[in-house]
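**Q** Sequence unavailable; structure follows:
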(Lines give C-alpha, C1' and ligand atoms only; values in the text may rest on other atoms or scores of the structure.)
Protein backbone atom coordinates (compact mmCIF):
# COMPACT_ATOMS: atom_id res chain seq x y z
CA UNK A 1 0.00 0.00 0.00
CA UNK A 2 1.36 3.45 -0.90
CA UNK A 3 2.27 5.96 1.80
CA UNK A 4 -0.66 8.15 2.89
CA UNK A 5 -0.13 11.84 2.17
CA UNK A 6 -0.71 14.49 4.84
CA UNK A 7 -1.96 17.07 2.33
CA UNK A 8 -5.55 16.47 3.44
CA UNK A 9 -4.95 18.03 6.86
CA UNK A 10 -6.25 21.53 7.74
CA UNK A 11 -3.90 24.49 7.77
CA UNK A 12 -4.79 25.56 11.30
CA UNK A 13 -4.89 23.41 14.40
CA UNK A 14 -8.30 22.46 15.75
CA UNK A 15 -7.54 24.52 18.86
CA UNK A 16 -6.87 27.57 16.70
CA UNK A 17 -10.13 27.00 14.84
CA UNK A 18 -11.96 26.84 18.19
CA UNK A 19 -10.43 30.20 19.15
CA UNK A 20 -11.39 31.62 15.76
CA UNK A 21 -15.00 30.49 16.33
CA UNK A 22 -14.99 32.18 19.76
CA UNK A 23 -13.79 35.45 18.22
CA UNK A 24 -16.50 35.35 15.56
CA UNK A 25 -19.13 34.57 18.20
CA UNK A 26 -17.93 37.58 20.22
CA UNK A 27 -18.22 39.78 17.12
CA UNK A 28 -21.80 38.65 16.54
CA UNK A 29 -22.65 39.32 20.18
CA UNK A 30 -21.13 42.80 19.92
CA UNK A 31 -23.21 43.82 16.93
CA UNK A 32 -26.51 42.22 17.90
CA UNK A 33 -26.11 43.81 21.35
CA UNK A 34 -25.95 47.20 19.63
CA UNK A 35 -29.12 46.63 17.65
CA UNK A 36 -27.56 45.61 14.34
CA UNK A 37 -29.39 43.18 12.08
CA UNK A 38 -27.23 40.36 10.72
CA UNK A 39 -27.88 39.95 6.99
CA UNK A 40 -26.86 37.67 4.14
CA UNK A 41 -26.40 38.79 0.56
CA UNK A 42 -25.45 36.91 -2.63
CA UNK A 43 -21.89 35.84 -3.30
CA UNK A 44 -22.72 35.46 -7.02
CA UNK A 45 -24.00 38.72 -8.48
CA UNK A 46 -25.10 40.00 -11.87
CA UNK A 47 -22.70 42.95 -11.58
CA UNK A 48 -19.08 43.17 -10.53
CA UNK A 49 -17.11 46.23 -9.48
CA UNK A 50 -15.70 48.92 -11.76
CA UNK A 51 -12.90 49.76 -9.30
CA UNK A 52 -9.65 50.06 -11.25
CA UNK A 53 -7.68 48.24 -8.55
CA UNK A 54 -10.02 45.28 -8.02
CA UNK A 55 -10.86 42.28 -10.18
CA UNK A 56 -13.87 40.00 -9.72
CA UNK A 57 -13.50 36.27 -10.11
CA UNK A 58 -16.19 34.96 -12.47
CA UNK A 59 -18.36 31.85 -12.44
CA UNK A 60 -20.63 30.44 -15.15
CA UNK A 61 -23.97 29.07 -13.99
CA UNK A 62 -27.04 28.04 -16.01
CA UNK A 63 -25.81 29.87 -19.11
CA UNK A 64 -25.02 33.14 -17.33
CA UNK A 65 -21.78 34.63 -16.04
CA UNK A 66 -21.77 35.97 -12.49
CA UNK A 67 -19.22 37.96 -10.52
CA UNK A 68 -18.06 36.54 -7.21
CA UNK A 69 -18.29 39.54 -4.94
CA UNK A 70 -15.22 41.44 -3.77
CA UNK A 71 -17.40 42.88 -0.98
CA UNK A 72 -21.10 42.78 -0.05
CA UNK A 73 -21.19 46.60 -0.18
CA UNK A 74 -23.54 47.08 -3.14
CA UNK A 75 -26.16 44.65 -1.85
CA UNK A 76 -25.92 45.97 1.71
CA UNK A 77 -26.51 49.52 0.48
CA UNK A 78 -29.62 48.30 -1.32
CA UNK A 79 -30.81 46.93 2.04
CA UNK A 80 -30.07 50.30 3.69
CA UNK A 81 -32.10 52.07 0.99
CA UNK A 82 -34.95 49.63 1.67
CA UNK A 83 -35.03 50.67 5.33
CA UNK A 84 -33.01 47.94 7.05
CA UNK A 85 -31.43 50.22 9.65
CA UNK A 86 -27.99 49.23 11.03
CA UNK A 87 -26.72 45.99 9.47
CA UNK A 88 -23.67 43.75 9.59
CA UNK A 89 -22.48 40.69 7.72
CA UNK A 90 -19.75 38.06 7.97
CA UNK A 91 -19.11 37.17 4.39
CA UNK A 92 -16.84 35.20 2.02
CA UNK A 93 -15.27 37.59 -0.49
CA UNK A 94 -13.21 36.87 -3.59
CA UNK A 95 -10.60 38.93 -5.41
CA UNK A 96 -8.50 37.96 -8.42
CA UNK A 97 -5.43 39.43 -6.81
CA UNK A 98 -2.10 38.53 -5.28
CA UNK A 99 -1.67 35.63 -2.87
CA UNK A 100 0.69 35.64 0.09
CA UNK A 101 0.98 35.85 3.86
CA UNK A 102 -1.73 38.50 4.15
CA UNK A 103 -3.62 37.99 0.88
CA UNK A 104 -5.81 35.10 -0.26
CA UNK A 105 -8.10 35.17 -3.32
CA UNK A 106 -10.87 33.85 -1.04
CA UNK A 107 -11.17 35.42 2.40
CA UNK A 108 -13.59 36.25 5.19
CA UNK A 109 -14.81 39.81 5.68
CA UNK A 110 -16.79 41.63 8.35
CA UNK A 111 -18.78 44.55 6.98
CA UNK A 112 -21.20 46.85 8.75
CA UNK A 113 -23.23 50.04 8.14
CA UNK A 114 -24.83 52.46 10.57
CA UNK A 115 -27.28 55.11 9.30
CA UNK A 116 -26.79 58.54 10.81
CA UNK A 117 -23.26 57.83 12.07
CA UNK A 118 -20.25 60.07 11.43
CA UNK A 119 -16.69 58.91 10.76
CA UNK A 120 -15.81 59.96 14.31
CA UNK A 121 -18.70 57.87 15.62
CA UNK A 122 -17.72 54.74 13.73
CA UNK A 123 -14.11 55.08 14.87
CA UNK A 124 -15.41 55.06 18.43
CA UNK A 125 -17.42 51.96 17.59
CA UNK A 126 -14.27 50.29 16.26
CA UNK A 127 -12.58 51.14 19.56
CA UNK A 128 -15.42 49.44 21.41
CA UNK A 129 -15.23 46.36 19.17
CA UNK A 130 -11.47 46.09 19.64
CA UNK A 131 -11.84 46.38 23.40
CA UNK A 132 -14.46 43.60 23.33
CA UNK A 133 -11.86 41.50 21.50
CA UNK A 134 -9.15 42.31 24.09
CA UNK A 135 -7.29 45.00 22.16
CA UNK A 136 -7.15 47.51 25.02
CA UNK A 137 -5.37 50.46 23.40
CA UNK A 138 -7.54 53.09 21.72
CA UNK A 139 -7.11 54.02 18.07
CA UNK A 140 -4.58 56.70 17.26
CA UNK A 141 -5.98 58.88 14.48
CA UNK A 142 -3.80 60.55 11.83
CA UNK A 143 -4.73 62.33 8.65
CA UNK A 144 -3.33 61.03 5.37
CA UNK A 145 -1.57 64.36 4.89
CA UNK A 146 0.03 64.29 8.33
CA UNK A 147 1.58 60.87 7.70
CA UNK A 148 3.17 61.95 4.42
CA UNK A 149 4.45 65.16 5.95
CA UNK A 150 5.86 63.35 9.01
CA UNK A 151 7.61 60.46 7.27
CA UNK A 152 8.37 61.87 3.80
CA UNK A 153 8.20 65.67 4.16
CA UNK A 154 5.65 65.75 1.32
CA UNK A 155 2.17 67.21 1.09
CA UNK A 156 0.28 64.55 -0.91
CA UNK A 157 -2.32 67.11 -2.00
CA UNK A 158 0.12 69.52 -3.64
CA UNK A 159 3.13 67.36 -4.54
CA UNK A 160 4.32 67.21 -8.16
CA UNK A 161 5.30 64.17 -10.22
CA UNK A 162 8.94 65.34 -10.26
CA UNK A 163 8.98 65.61 -6.45
CA UNK A 164 7.47 62.14 -6.17
CA UNK A 165 10.07 60.68 -8.56
CA UNK A 166 12.80 62.26 -6.47
CA UNK A 167 11.29 60.78 -3.34
CA UNK A 168 11.13 57.30 -4.93
CA UNK A 169 14.80 57.61 -5.86
CA UNK A 170 15.73 58.47 -2.27
CA UNK A 171 13.74 55.46 -1.02
CA UNK A 172 15.31 53.17 -3.68
CA UNK A 173 11.86 52.55 -5.16
CA UNK A 174 12.25 54.12 -8.59
CA UNK A 175 12.45 50.71 -10.27
CA UNK A 176 8.90 49.87 -9.17
CA UNK A 177 7.16 52.27 -11.61
CA UNK A 178 7.50 53.04 -15.29
CA UNK A 179 9.57 56.14 -15.98
CA UNK A 180 6.63 57.79 -17.76
CA UNK A 181 4.03 57.10 -15.02
CA UNK A 182 1.82 60.17 -14.61
CA UNK A 183 -0.72 58.87 -12.08
CA UNK A 184 0.11 60.53 -8.76
CA UNK A 185 -1.84 57.89 -6.85
CA UNK A 186 0.54 55.18 -8.07
CA UNK A 187 3.40 57.02 -6.37
CA UNK A 188 1.37 57.62 -3.23
CA UNK A 189 0.32 53.95 -3.02
CA UNK A 190 3.96 52.85 -3.22
CA UNK A 191 5.16 55.30 -0.61
CA UNK A 192 2.34 54.36 1.73
CA UNK A 193 3.07 50.64 1.35
CA UNK A 194 6.86 50.68 1.48
CA UNK A 195 7.65 53.64 3.72
CA UNK A 196 4.70 54.67 5.88
CA UNK A 197 3.10 51.31 6.71
CA UNK A 198 6.38 49.93 8.15
CA UNK A 199 6.46 52.98 10.43
CA UNK A 200 2.89 52.28 11.54
CA UNK A 201 4.01 48.75 12.49
CA UNK A 202 6.11 50.31 15.26
CA UNK A 203 2.98 51.59 17.01
CA UNK A 204 1.47 49.39 19.71
CA UNK A 205 -1.98 50.93 19.27
CA UNK A 206 -4.28 50.46 16.27
CA UNK A 207 -4.05 53.34 13.79
CA UNK A 208 -6.78 55.10 11.83
CA UNK A 209 -5.84 57.15 8.76
CA UNK A 210 -8.44 59.70 7.64
CA UNK A 211 -9.11 62.33 4.94
CA UNK A 212 -7.80 60.79 1.73
CA UNK A 213 -7.25 62.47 -1.65
CA UNK A 214 -10.37 62.85 -3.78
CA UNK A 215 -8.80 60.60 -6.42
CA UNK A 216 -8.90 57.78 -3.85
CA UNK A 217 -12.46 58.45 -2.71
CA UNK A 218 -13.96 55.25 -4.17
CA UNK A 219 -17.52 55.27 -2.73
CA UNK A 220 -16.88 57.91 -0.06
CA UNK A 221 -18.42 61.35 0.24
CA UNK A 222 -16.21 64.38 -0.45
CA UNK A 223 -16.02 67.34 1.89
CA UNK A 224 -13.67 70.35 1.88
CA UNK A 225 -11.43 68.81 -0.78
CA UNK A 226 -10.95 65.53 1.08
CA UNK A 227 -12.50 62.10 0.70
CA UNK A 228 -14.33 61.14 3.89
CA UNK A 229 -12.63 57.78 3.88
CA UNK A 230 -10.53 56.06 6.53
CA UNK A 231 -8.32 53.00 6.87
CA UNK A 232 -7.45 51.09 10.04
CA UNK A 233 -4.09 49.45 10.68
CA UNK A 234 -2.94 47.19 13.49
CA UNK A 235 0.66 46.08 13.90
CA UNK A 236 1.34 47.59 10.48
CA UNK A 237 -1.29 45.46 8.73
CA UNK A 238 -4.20 47.13 6.96
CA UNK A 239 -7.32 45.75 8.61
CA UNK A 240 -10.21 47.88 7.42
CA UNK A 241 -11.43 50.45 4.93
CA UNK A 242 -14.40 52.67 5.66
CA UNK A 243 -16.43 55.52 4.19
CA UNK A 244 -18.80 58.27 5.04
CA UNK A 245 -20.96 56.83 2.28
CA UNK A 246 -21.72 58.64 -0.95
CA UNK A 247 -25.50 59.01 -1.31
CA UNK A 248 -25.67 61.08 -4.52
CA UNK A 249 -26.77 58.76 -7.36
CA UNK A 250 -25.57 61.10 -10.14
CA UNK A 251 -22.12 61.43 -8.57
CA UNK A 252 -21.90 57.67 -8.05
CA UNK A 253 -22.83 57.00 -11.67
CA UNK A 254 -20.20 59.53 -12.82
CA UNK A 255 -17.55 57.77 -10.73
CA UNK A 256 -18.49 54.39 -12.17
CA UNK A 257 -18.20 55.78 -15.71
CA UNK A 258 -14.84 57.34 -14.84
CA UNK A 259 -13.62 53.96 -13.57
CA UNK A 260 -14.76 52.34 -16.80
CA UNK A 261 -12.85 54.90 -18.87
CA UNK A 262 -9.64 54.34 -16.91
CA UNK A 263 -10.00 50.55 -17.14
CA UNK A 264 -10.45 50.82 -20.91
CA UNK A 265 -7.40 53.07 -21.16
CA UNK A 266 -5.32 50.54 -19.19
CA UNK A 267 -6.49 47.62 -21.33
CA UNK A 268 -8.44 46.01 -18.48
CA UNK A 269 -11.85 44.37 -18.72
CA UNK A 270 -14.68 46.91 -18.41
CA UNK A 271 -17.47 45.59 -16.14
CA UNK A 272 -21.03 46.82 -16.52
CA UNK A 273 -22.25 49.41 -14.04
CA UNK A 274 -24.44 48.06 -11.24
CA UNK A 275 -27.61 49.89 -12.21
CA UNK A 276 -29.47 48.43 -9.23
CA UNK A 277 -27.16 50.20 -6.81
CA UNK A 278 -27.62 53.46 -8.73
CA UNK A 279 -31.40 52.98 -8.55
CA UNK A 280 -31.16 52.35 -4.79
CA UNK A 281 -29.29 55.64 -4.37
CA UNK A 282 -31.91 57.41 -6.49
CA UNK A 283 -34.65 56.07 -4.23
CA UNK A 284 -32.83 57.41 -1.17
CA UNK A 285 -29.85 55.96 0.65
CA UNK A 286 -29.73 57.30 4.23
CA UNK A 287 -26.64 59.18 5.34
CA UNK A 288 -24.45 56.35 6.65
CA UNK A 289 -20.98 55.24 7.58
CA UNK A 290 -19.76 51.81 6.57
CA UNK A 291 -16.65 49.73 7.03
CA UNK A 292 -15.20 46.50 5.62
CA UNK A 293 -12.75 44.64 7.85
CA UNK A 294 -10.54 41.69 6.92
CA UNK A 295 -11.70 39.06 9.39
CA UNK A 296 -8.93 36.54 8.70
CA UNK A 297 -6.32 39.24 9.29
CA UNK A 298 -7.94 40.34 12.53
CA UNK A 299 -8.10 36.74 13.81
CA UNK A 300 -4.46 36.16 12.88
CA UNK A 301 -3.32 39.27 14.76
CA UNK A 302 -5.45 38.47 17.81
CA UNK A 303 -3.96 34.95 17.91
CA UNK A 304 -0.42 36.27 17.34
CA UNK A 305 0.01 34.62 13.96
CA UNK A 306 1.92 36.18 11.08
CA UNK A 307 -0.10 34.79 8.17
CA UNK A 308 -3.66 33.96 7.13
CA UNK A 309 -3.01 30.28 6.50
CA UNK A 310 -2.40 29.69 10.21
CA UNK A 311 -5.97 30.70 11.12
CA UNK A 312 -7.96 29.25 8.22
CA UNK A 313 -9.08 25.65 7.90
CA UNK A 314 -7.99 25.09 4.29
CA UNK A 315 -6.38 27.13 1.51
CA UNK A 316 -8.17 25.20 -1.24
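**A** That came in fine, so what should we check first? All of these numbers come straight from a predicted model, not from anything done at the bench. Numbers count the residues shown, from 1 in each chain.
**Q** Which strand or helix spans residue 50?
**A** Assigned by DSSP states H and E, residue 50 belongs to no helix or strand.
**Q** Would you check that it makes contact with residue 254?
**A** No: look at residue 50 against residue 254 with Cβ atoms under 8 Å: they stay out of range, at 11.5 Å. C-betas here are computed from N, CA, C, even on glycine.
**Q** These two: who's more crowded?
**A** Set side by side, residue 50 and residue 254 show more neighbours around residue 50, with 20 against 11, by other Cβ atoms under 10 Å.
**Q** Spit out the contact partners of residue 18.
**A** Not one residue lies near residue 18 by Cβ atoms under 8 Å, 6 or more residues apart in numbering.
**Q** host element of it?
**A** helix 14-33.
**Q** Distance from the chain centre to that helix, please.
**A** Between the centre of helix 14-33 and the centre of its host chain there is 21 Å, according to Cα atoms, centre = their mean, to the nearest Å.
**Q** The stretch 1-150 of the chain: helices as residue ranges?
**A** For the stretch 1-150 of the chain, helices defined by DSSP state H, counting those that start in this stretch occupy the ranges 14-33, 73-81, 119-132, 144-152.
**Q** So which of the ones you listed is nearest residue 314?
**A** Closest approach to residue 314 among these is made by helix 14-33 (10.6 Å; Cβ to Cβ).
**Q** May I see the buried residues of that closest one?
**A** 16-17, 19-20, 23-24, 27, 30-31 (16 or more other Cβ atoms under 10 Å).
**Q** ok, now stretch 265-275?
**A** For stretch 265-275, using 16+ other Cβ under 10 Å, the buried residues are 271, 273-274.
**Q** Pull up the gap between residue 232 and residue 108, please.
**A** The gap separating residue 232 from residue 108 is 17 Å, by Cβ to Cβ, to the nearest Å.
**Q** do the same with residue 72
**A** For residue 72, the distance to residue 108 - Cβ to Cβ - is 12 Å.
**Q** With neighbour numbers in mind, choose between those two.
**A** Taking other Cβ under 10 Å, residue 72 and residue 108 do not tie; residue 72 has more neighbours (24 against 21).
**Q** and that one, what does it touch?
**A** Per Cβ under 8 Å, 6+ apart, neighbours of residue 72: 41, 89, 91, 93, 109, 111.
**Q** could you say what helices and strands the helix or strand harbouring residue 166 packs with?
**A** Element membership for residue 166, per DSSP H and E: helix 161-170. Judged by 3 or more Cβ pairs under 8 Å, 6 or more residues apart in numbering; DSSP states H and E, helix 161-170 is in contact with helix 184-191.
**Q** residues of whichever helix or strand comes after the helix it packs on that come out buried?
**A** Counting by DSSP H and E, the next helix or strand C-terminal to helix 184-191 is helix 197-200. For helix 197-200, a neighbour-count test (16+ other Cβ under 10 Å) marks 197, 200 as buried.
**Q** Give me the contacts around helix 197-200.
**A** 151, 207, 233, 236, 238.
**Q** Quick check: the first one touching residue 194?
**A** Okay, so that is residue 151. No: applying Cβ under 8 Å, one finds residue 151 not in contact with residue 194, separated by 10.9 Å.
**Q** could you dump the buried residues of helix 14-33 to JSON lines with pLDDT and distance to residue 245?
**A** As requested, those are arranged in JSON lines below (pLDDT from 0 to 100; distance: Cβ to Cβ, whole Å):
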{"residue": "16", "pLDDT": "98", "distance to residue 245": "35"}
{"residue": "17", "pLDDT": "98", "distance to residue 245": "34"}
{"residue": "19", "pLDDT": "98", "distance to residue 245": "33"}
{"residue": "20", "pLDDT": "98", "distance to residue 245": "30"}
{"residue": "23", "pLDDT": "98", "distance to residue 245": "27"}
{"residue": "24", "pLDDT": "98", "distance to residue 245": "25"}
{"residue": "27", "pLDDT": "98", "distance to residue 245": "21"}
{"residue": "30", "pLDDT": "98", "distance to residue 245": "21"}
{"residue": "31", "pLDDT": "98", "distance to residue 245": "18"}
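**Q** what bits of the stretch 101-250 of the chain have low per-residue confidence?
**A** The model of the stretch 101-250 of the chain has no residue with pLDDT under 70.
**Q** at 90 what do you get?
**A** Counting by pLDDT under 90, the stretch 101-250 of the chain has low-confidence residues at 136-137, 173-182.
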